[in-house]
Structure formats: structure tokens, C-alpha cells
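[1] Structure of the sequence below:
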Amino acid sequence: MAEQRDTRFPLSLTTGRQRDQWHGMSRTGTLGRLFGQAAEPAIELHPQELARRGWQAGELLRVRSRRGEMVLPVQASDAVAPAQAFIAMHWGEEFVSGRALDGSTLTGVNALTTPACCPTSKQPELKHAAVRIDSAALPWQLLAAAWLPAEVLLQRREALQTLLRGCGYCSVRPCGREPDGRVGLVLRAAERQALEGARLQAIEALLDLPSAPLLRYADAQRGQHRAMRLEGDTGQAALQGFVLAGDIRAGAWVLPLWRDAQPAGSFGARLLAASAEPPAVMPSRGAQVCSCFDVGETQIRATLAALQGSAEARLAQLQQQLRCGTHCGACKPALHVLAGRSLEAA
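    Numbering: from 1, shown residues only. Just a heads-up that it's a prediction; the model follows:
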């Protein structure tokens, strides 16, 4: 290892690819449905590391190496050993912001790693870099999302990134659904103080929220801002877009409500509540397993529970019913695991 850990940088950072993304994401990063398996840039730590430091999943952390720093939300993962951290290599400067030691913009996650490489093959050592991780201390946060016309999606993403340049944290990523073909953007940002009203209005405009009547709540003195755009018949209206700013705890159920196009019209003004608990029981699709056919873990587990036979037989029946794993095949390893667990449970 070219870089050893020490008391200043006590953790080992490794990078690697994600199942549905490829290299710098210049092509795969424009397809919203490929973000279902890993929805946002994140740093993965062992659950023991989170418990020891008192961090919660989704909390923003500052990752520092001897070359620079960036802010990312944290996720718990048993695949990462204690005292180690993992960040997917694909997240470049168009998805995450960071600063090099000289104050310039960090070009992406790999810029945190050491420049050492094999003298023969020139393969870079991206699998080990010494880092330290601390709380980002960015109390004001923003979460927003909207379905948009496909022809303006990338242009709006670039405009939002420009608008929020300089924020303590900013991530703008595509989102897609199959088979209906909807595409949208999901925006998350954080700062030490609330953004001014003009920038919040600009965000709403880029997400096409003002083009229809909105449910709205605003308290500028406390930095609270919430807006919801519904479309469709009153009872079955779906959430077309939203902005949560300040207290974004409601994002835990508002984002799935938007993403899964669940009926939201009956919620009314309760959509504006700043609570992590939804106003009614909401079905959960679970994590997306199959990107090709948009099949979630909850549906897969329920289907497997009703099947008979060996794990292989269950897997074959599952693929016949839901089609997951029958196209690109990338999700087959995950399906094998779920089929095995279903057999054990039976």
C-alpha cells in the first residue's frame, strides 16, 4: 500500500464500480432508470462505525484525504469492514462537489485517492487511500424532485448544478421509471444557512412547479419552505414534483410517494407536514433489484414466498412471472440470494 493510515487519517477508503453504471457514466449516467439500484452518491461504512460515531443513515459527512475533501451522505453496509469506507468510482464533478487542497474544484471521487500506480502496468492504486470522516455540519438541507420532459432533462440538470454551485453539498441526478418511460430529476443540497428566496424560486421554475397550482408553506425566518405540485383527478392525483427545504424529514415518505406515483390527492395539506411519518399507511416497493423491468425487492420477496421447490426452481418461476433477470442479467446474483433466503424461510 502506497499510503498508510495514521491518527490524522485513520480510515481506509476504497473505490469500485456499481452494478448498473460504467466508468465515468458519460452514457449510463444519463439514463434515469439505471439510478434505481444506487440512487445517489454515498459513502458506505460498516454499521458498527456508524453506531460508534453516533451517525444515522443519510447523514451528510465530510470525507478528507491528503488531496482534498467532499461531502457525501452515509449508508450502512455489511460489505465494508470496520475502519474502512467505500465510495463508488463513478461519481464525478457533475454529480458531487468537492475541494482540492489548493481550493480548486475536485474532479470527482477518484481525486481523493493516491496518484500512486504500478510501475509496470500503470494501474492506479484506487483501492486504498487514508481518509478521515467527520460530520459535515450543514444544518439547512433541501430535497426536491420532479418529472420532466425527456428533451429538457439534461439541460435542467446542468442549470440546477450551476444555480447551486458553491453550496456545501449538492447532488442532482436523473431518475427514471419503466415501463411508462417517465424521467425526472432528484436534487439534494445542504448549506450552513438557508438559501435566499430568489434561488428557491429559481429551483421551482427549473422543476416546472409553478406551471400548475401548488400546495405551499413558507417560513422565511426559520428557513422552512415546502411546495407540492399534484396532477390528476382529486382523489387519485399523483405528486408531479415537490420541494422540501429546511426540515426535510418528510422526504423519507414524500420521495417514494413521488417516485412510485402513488395516489396523493387525499393527503391534501398534510403533504406539507414536517414529519418523518406519512399521514397514512404507504406500501413500500423496497429497493429496486431489476433495473430493466423496475422490479422491487418487496414484490420479489412476496412472489418467492408463494413458490415451491428448490432455490433454482423458485428462481426460474420468479423470472417467468416478473421477468426480472431475463434481460441484461445484471440482477441475477441478487435474485439468487433472495431465492435462497426464501427457501431457508420456508
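
[2] CA atoms for contacts and neighbours, from now on please.
    Noted.

[3] And the helices in the stretch 101-250 of the chain, which stretches?
    153-163, 197-206 (DSSP state H, counting those that start in this stretch).

[4] then the first one to CSV, C-alphas only?
    Coordinates of the C-alpha atoms in helix 153-163 are reproduced here as CSV (Å, rounded to 0.1, in the frame of the first residue of the first chain):
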residue,chain,number,x,y,z
LEU,A,153,-33.8,16.8,-18.6
LEU,A,154,-30.0,17.2,-19.0
GLN,A,155,-30.3,20.9,-19.7
ARG,A,156,-32.3,21.4,-16.5
ARG,A,157,-29.7,19.3,-14.6
GLU,A,158,-26.9,21.5,-15.7
ALA,A,159,-28.9,24.6,-14.8
LEU,A,160,-29.6,23.4,-11.3
GLN,A,161,-25.9,22.5,-10.8
THR,A,162,-24.9,26.0,-11.9
LEU,A,163,-27.5,27.6,-9.7
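
[5] which strands and helices sit next to that helix?
    When contacts are defined as 3 or more CA pairs under 8 Å, 6 or more residues apart in numbering; DSSP states H and E, helix 153-163 packs onto strand 169-176, strand 183-191, helix 197-206.

[6] now the helices of the stretch 101-250 of the chain in TSV, with distance to residue 121 and mean neighbour count?
    Shown next, in TSV, are the helices of the stretch 101-250 of the chain (distance: least, CA to CA, whole Å; neighbours: other CA atoms under 10 Å):
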stretch	distance to residue 121	mean neighbour count
helix 153-163	36	16
helix 197-206	46	15
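
[7] so which of the helices and strands packed on helix 153-163 comes closest to residue 311?
    strand 169-176 (30.9 Å; CA to CA).

[8] list the helices and strands the closest one packs on?
    Judged by 3+ CA pairs under 8 Å, 6+ apart, the packing partners of strand 169-176 are helix 153-163, strand 183-191.

[9] buried sites along the helix or strand of the chain with the lowest mean pLDDT?
    Lowest by mean pLDDT, DSSP states H and E among the helices and strands of the chain is strand 98-100, with a mean of 78. By neighbour count on 16 or more other CA atoms under 10 Å, the buried set for strand 98-100 is 98, 99, 100.

[10] Now do the contacts for the second one.
    Right, the one you point to is residue 99. With contact set as CA atoms under 8 Å, 6 or more residues apart in numbering, residue 99 has these partners: 68, 69, 70, 105, 106.

[11] So in terms of bridging, what pairs with it?
    residue 69, residue 105 (DSSP bridges).

[12] Return the distance of it relative to residue 60.
    Here residue 99 is placed at a distance of 16 Å from residue 60 (CA to CA, to the nearest Å).

[13] now swap in the last one and tell me
    When distances are taken as CA to CA, residue 100 and residue 60 turn out to be 19 Å apart.

[14] Extract the residue ranges of the stretch 201-346 of the chain that are flagged as low pLDDT.
    For the stretch 201-346 of the chain, the stretches flagged by pLDDT under 70 are 235.

[15] Please apply the same query to the stretch 1-150 of the chain.
    Within the stretch 1-150 of the chain, the stretches with pLDDT under 70 are 1, 19-22, 24-39.

[16] ok, which stretches of it are strands?
    Taking DSSP state E, counting those that start in this stretch as the test, the strands found in the stretch 1-150 of the chain are 11-16, 43-45, 60-64, 68-76, 84-88, 98-100, 129-135, 140-148.

[17] do you know which of those lies nearest residue 329?
    Proximity to residue 329 (CA to CA) singles out strand 11-16 among the strands of the stretch 1-150 of the chain, at 19.8 Å.

[18] I'd like to know which elements that closest one is packed against.
    The contact analysis (3+ CA pairs under 8 Å, 6+ apart) places strand 11-16 against strand 84-88, strand 129-135.

[19] Distance to residue 343 for these - can I get that in JSON lines?
    Output for the helices and strands packed on strand 11-16, formatted as JSON lines (distance: least, CA to CA, whole Å):
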{"stretch": "strand 84-88", "distance to residue 343": "31"}
{"stretch": "strand 129-135", "distance to residue 343": "40"}
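
[20] Need the winner for burial among these.
    strand 84-88 (a mean of 22; mean count of other CA atoms under 10 Å).

[21] elements contacting it?
    strand 11-16, strand 43-45.

[22] Single out the most deeply packed of these.
    Note that of the helices and strands packed on strand 84-88, strand 43-45 is the most buried (mean count of other CA under 10 Å), with a mean of 24.

[23] that older thread, between the helices and strands packed on strand 84-88, which one is nearest to residue 333?
    Among these, strand 11-16 comes nearest to residue 333, with 17.6 Å by CA to CA.

[24] Each with direction, which strands does the closest one pair with?
    Here strand 11-16 has these sheet partners by DSSP bridges: strand 84-88 (parallel), strand 129-135 (antiparallel).
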